[in-house]
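Undergrad: generate coordinates for the sequence data below:
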Amino acid sequence: MASYAKFFDALGLREWCDGGAGGDGPMSMADLMAQARSGAGGASGGGGSGGSFWDLPLPSLNNFHDACQAIPQTRDLTIGLERAFLSARDALRIVLDPLTQPLSWMLREMLWLMTATPWFIMLPILLLVTWFVARSWSVVLLVAASLGFLTVVDHYTAAMQTLAIIFVCAFICVLFGVPLGIAMSRSDRLQRIVTPILDMLQTLPAFVYLIPLIFLFSVTEPKLYGIAIILYAIVPVVRLTDLGIRLVDRDVIEAANAFGMTSRQKLFGVQIPLALPNIMAGVNQTIMMSLAMVVIASLVSAPGLGVLVLRGIRNLELGVGLIAGFGIVLLAIVLDRVTKASLARIDVSQSSRH
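TA: Numbers count the residues shown, from 1 in each chain. The predicted structure follows:
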């Protein structure tokens, strides 16, 4: 890279560049090829002219390294990052293992409960919960038909495992996400701090969540996929809780102040009830994202329908993958309809109050 070599020579850094080359160590194949290219370019370019402007290479670490051996390569950066993470892994485990162990217990117990309970008991319980939440016979019939189909095609156990994971992870997302959203709505400074973190969690590819967790926790620990699902799915409930409380009419807040309500009374008596439709919409999106992540988490031992999808991909079993995928679609429709029916009930109750 004669062009960059001239740049470092012009800055008077040649001695520093040559001093950081590593001395007596053997040259890598990439260094030998770069040296050969530089030599050829110097011979044909009239004393090392470096070629035309259009041949200028990318200003990357690897190309800078070819011109100045003291500059690290990209692989040095990635290896350094990996070594730093591995050196801090034991300390992170000491802190995170006790904090996340209850998540493993909850997932194990819920998985055991929903798979060990006989089907003729579990299915009526799920239908009763659906009726209690939605109060709609059409939704109850949809749930019954969907679970009945999954039972007939021998996917009942996998479906129960998927539902168990979603119930636990969505519950934890709501448990921590709603208070965080409330705190953000009451503090602009906290909102400015948390919003970039939420943006990062929302834009990271789903597979990226699994990379650091694989190095931190054992693959046999349910908290490995539980943490990934929670981090991926918690964003909507936090954002919509914050938005819902901030959208409460100022006139209503002023009326509450005129009645002498305390801050706590305004929160639980006025703001949260009026923001409940937005909060429930966030819960709906959190459940949908949990279901999406459960499929990906099957790569790290998460049980359920995602394992059957993964089996269909690995073994090229088209029927297995399609039926399991259709089962996931049914669960998504069921969960979406149940939460939306609950949201509709909340909207009706709010309008009747007004």
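Undergrad: quick one: mean pLDDT for whichever strand or helix holds L331?
TA: In the assignment (DSSP states H and E), L331 maps to helix 318-353. The average pLDDT within helix 318-353 is 86.
Undergrad: and that helix, how far out from the chain middle?
TA: With C-alpha atoms, centre = their mean, to the nearest Å as the basis, helix 318-353 stands 21 Å off its chain's centre.
Undergrad: repeat for stretch 95-106
TA: Distance, stretch centre to chain centre, for stretch 95-106: 18 Å (C-alpha atoms, centre = their mean).
Undergrad: mind giving me the domain split of the chain?
TA: Residue ranges for the domains of the chain, per automatic domain parsing: 2-72, 89-353.
Undergrad: next, the buried residues of stretch 114-128.
TA: Using 16 or more other C-beta atoms under 10 Å as the test for burial, stretch 114-128 gives M114, T115, M122, L123, L126, L127. The C-beta positions use only the backbone N, C-alpha and C, and glycine is treated the same way.
Undergrad: from those residues, pick the one nearest A164.
TA: M114 (4.4 Å; C-beta to C-beta).
Undergrad: hmm, back to that, the helix holding L331 packs against which elements?
TA: Here helix 318-353 touches helix 119-134, helix 137-152, helix 156-186, helix 272-297, helix 305-314, going by 3 or more C-beta pairs under 8 Å, 6 or more residues apart in numbering; DSSP states H and E.
Undergrad: would JSON lines of those helices with mean pLDDT and distance to R337 be doable?
TA: Output for those, formatted as JSON lines (pLDDT from 0 to 100; distance: least, C-beta to C-beta, whole Å):
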{"stretch": "helix 119-134", "mean pLDDT": "94", "distance to R337": "8"}
{"stretch": "helix 137-152", "mean pLDDT": "95", "distance to R337": "5"}
{"stretch": "helix 156-186", "mean pLDDT": "95", "distance to R337": "15"}
{"stretch": "helix 272-297", "mean pLDDT": "91", "distance to R337": "10"}
{"stretch": "helix 305-314", "mean pLDDT": "92", "distance to R337": "18"}
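Undergrad: what residue lies at the spatial centre of the protein?
TA: In the chain, the residue lying closest to the centroid (C-alpha atoms, centre = their mean) is Y232, at 2.5 Å.
Undergrad: quick one: neighbours of L308, just the number.
TA: 21 (other C-beta atoms under 10 Å).
Undergrad: who's in contact with it?
TA: Contact analysis of L308 by C-beta atoms under 8 Å, 6 or more residues apart in numbering lists H155, A158, V320, G321, I323, A324, G327.
Undergrad: what's the answer for F207, then?
TA: By C-beta under 8 Å, 6+ apart, the neighbours of F207 are I296, L299.
Undergrad: looking at it now. What's its pLDDT?
TA: 83.
Undergrad: how much space between it and D76?
TA: F207 is 25 Å from D76, where distance means C-beta to C-beta, to the nearest Å.
Undergrad: swap in A228?
TA: According to C-beta to C-beta, A228 stands 29 Å off from D76.
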